[in-house]
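Asks: Sequence and predicted model, in that order:
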Amino acid sequence: MRKDKLLMTPGPTVIPPRVLEVMSRQIIHHRTAEFEAAFYEVEENLKYVFQTGNPVLILASSGTGAMEAAIANFFSPGDRVLVVSIGAFGDRFAEIAKAFSLNVEKLSFEWGQAADAERIKEVLDSDVKHEIKAVIITHNETSTGVTNDIEAVAKLTRDTDRLLIVDAVSSMGGLDLKTDLWGVDVVVTGSQKCLMAPPGLAFVSVSEKAWKAYENSTLPKFYWDLKKYKRGLLKELSENPPYTPAISLIMGQAEALRMIKEEGLEKVYERHKKLALATQAGVKALGLELFAREDVSSYIITAVKGPAGIDMGQLVKTMNIKYDIMITGGQKHLKGKIFRIGHCGYVDIFDVVKTFSALEKVLLELGYDMDLGVSVEAVQRSYFG
Ligand SMILES: Cc1ncc(COP(=O)(O)O)c(C=O)c1O
């Protein structure tokens, strides 16, 4: 008898049974009191998770749709923006900005490293004509397993008229991101990672400063016109949300957010941290190396350098086909060079233990020399102390 796949990936992640149960119910209509109650509950709990008092807009798309909305709503063609990239998703934000005819200045850091706020400051300081309208950056770079220090970057934009736009697709609800306190203007995320719901919903928070920029933006927007979502939410339109929402997903997301609230954000962050440190301990016990610099290695996903002579594709495939555990390989030029273990969302220590137990077995099968049990022990020692 096969079991459900254990998704130790950076999204989609395992859906809690409570959420599955809610989503399996017959659909309700969205112009009803029942849906309205669920919608505003999601809204309130998103504000809690985003740590913001501003409305969080609920879109029907994957995270990339919200990234596009974050460009289309606050700029005009030719506007200059600084996109900071430390991997594939930073690169994606730059591509979206270019697709919308922005004048993109890109500051890239070596994959595996975090962005250096000092270097960002230098670029901003050298912009004497004050043309750069925004800094755009990834919070947790899923392709390399590195987390950026958003608080440090926010200090550079907070008291200026520049916007700070953050891709928190893989971090929201797993890593601390104090949207209002740090002064982050636009934060985007998706439902399918730390927020423990299926893919298909995206969320965007927008600061007052960003709404002012919205008023000057001339880029075309219709479905992604965020003001419509805001006005709907504030009941300034005859209908909220403005278009047919992804009803079943919203009902599921409501349940998942209840779970996060019950656990409490601080505990959720602590769990992610402890699971990441246990994963790092397991990796080292196997004699393997982290891809990311250790001090910036993500608490969401751990990227591991593939051992010499072991086929990464085979490793990932065997974990999946033979042991029903999904991990992922590298993206872009890291394909075949690293593998990545996600530990975000509905994950506990025994999921990590099980993953390392299978990983040891697969590594041995593929000819890697190690003692059975070393990483399982290290994972548990790290977690249980
Ligand atoms: C950091 C980051 N940004 C953006 C995305 C894109 O999100 P989606 O695949 O939901 O469009 C992802 C997805 O993996 C991500 O991890």
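Replies: Cool, got the structure. Numbering: from 1, shown residues only.
Asks: can we go C-alpha only for contacts and neighbour counts from here?
Replies: Noted.
Asks: how much space between the residue nearest the centre of the chain and residue 49?
Replies: A centroid search over the chain (C-alpha atoms, centre = their mean) returns residue 170, at 1.2 Å, as the residue closest to the centre. Applying C-alpha to C-alpha, to the nearest Å, the value for residue 170 to residue 49 is 13 Å.
Asks: again, but for residue 253
Replies: Residue 253 sits 12 Å away from residue 49, going by C-alpha to C-alpha.
Asks: Of the two, which one has the most company?
Replies: Higher neighbour count among residue 253 and residue 49: residue 253, with 28 against 23, using other C-alpha atoms under 10 Å.
Asks: Settle this for me: that one is touching residue 18, isn't it.
Replies: No - at 10.6 Å, residue 253 and residue 18 do not qualify as touching, with contact defined as C-alpha atoms under 8 Å.
Asks: Remind me what the longest helix belonging to the chain packs against, helices and strands.
Replies: Looking across the chain with DSSP state H, the single longest helix is helix 265-285. Using 3 or more C-alpha pairs under 8 Å, 6 or more residues apart in numbering; DSSP states H and E as the contact test, the elements touching helix 265-285 are strand 301-305, helix 349-365, helix 374-384.
Asks: any idea how far whatever helix or strand comes next after the shortest one is from the chain center?
Replies: Moving toward the C-terminus from strand 301-305, the first helix or strand encountered (DSSP states H and E) is helix 312-323. For helix 312-323, the distance between its averaged C-alpha position and the chain's averaged C-alpha position is 24 Å (C-alpha atoms, centre = their mean, to the nearest Å).
Asks: The residue of the stretch 201-350 of the chain found nearest the ligand: neighbouring residues, count only.
Replies: Closest contact between the stretch 201-350 of the chain and the ligand, by C-alpha to the nearest ligand atom, is at residue 202 (7.7 Å). Applying other C-alpha under 10 Å, we find 23 residues neighbouring residue 202.
Asks: likewise residue 118?
Replies: Neighbourhood size, residue 118 [other C-alpha under 10 Å]: 12.
Asks: Give me the distance between it and the ligand.
Replies: 22 Å (C-alpha to the nearest ligand atom, to the nearest Å).
Asks: What strand or helix carries that residue?
Replies: Under the criterion of DSSP H and E, residue 118 resides in helix 117-126.
Asks: Could I get the full set of helices for the stretch 1-150 of the chain?
Replies: Secondary structure of the stretch 1-150 of the chain (DSSP state H, counting those that start in this stretch): helices located at 17-23, 33-50, 63-72, 88-99, 117-126, 150-157.
Asks: among the ones you listed, which is the most enclosed?
Replies: Burial of the helices of the stretch 1-150 of the chain is given as mean neighbour count (mean count of other C-alpha atoms under 10 Å); helix 63-72 ranks first at a mean of 23.
Asks: count of neighbours near the nearest residue to residue 324 once chain neighbours are set aside?
Replies: Among residues not flanking residue 324 along the chain, residue 5 sits closest, at 4.9 Å (C-alpha to C-alpha, 6 or more residues apart in numbering). Counted by other C-alpha under 10 Å, the residues lying close to residue 5 total 13.
Asks: same question, residue 263
Replies: 11.
Asks: isn't there a strand covering residue 223?
Replies: No - assigned with DSSP: H, G, I helix; E, B strand; the rest coil, residue 223 falls outside any strand and is coil.
Asks: give me every residue that touches the closest residue to residue 178 other than its chain neighbours.
Replies: Excluding the flanking residues, the one nearest residue 178 by C-alpha to C-alpha, 6+ apart is residue 51, at 5.5 Å. Applying C-alpha atoms under 8 Å, 6 or more residues apart in numbering to residue 51 gives the contacts 177, 178, 179, 180.
Asks: Mind checking which of the residues you listed land in helices?
Replies: Judged by DSSP H, the subset of the contacts of residue 51 located in helices is 179, 180.
Asks: so where is this structure shaky, pLDDT-wise?
Replies: 1-2 (pLDDT under 70).
Asks: Show me what from it comes close to the ligand.
Replies: Taking C-alpha under 6 Å from any ligand atom as the measure of proximity, the chain contacts the ligand at 62, 63, 64, 89, 140, 141, 142, 167, 169, 170, 190.
Asks: if we go to 5 Å?
Replies: Proximity of the chain to the ligand, by C-alpha under 5 Å from any ligand atom, involves residues 62, 63, 64, 89, 141, 142, 169, 170.
Asks: Just the closest of the residues you listed to residue 318, please.
Replies: For those, the residue nearest residue 318 by C-alpha to C-alpha is residue 142; the value is 22.2 Å.
Asks: And for the closest one, the neighbour number?
Replies: 29.
Asks: contacting residues for it?
Replies: 10, 87, 88, 89, 170, 301.
Asks: Equivalent analysis for residue 330, please.
Replies: 143, 336, 337, 338, 339, 340.
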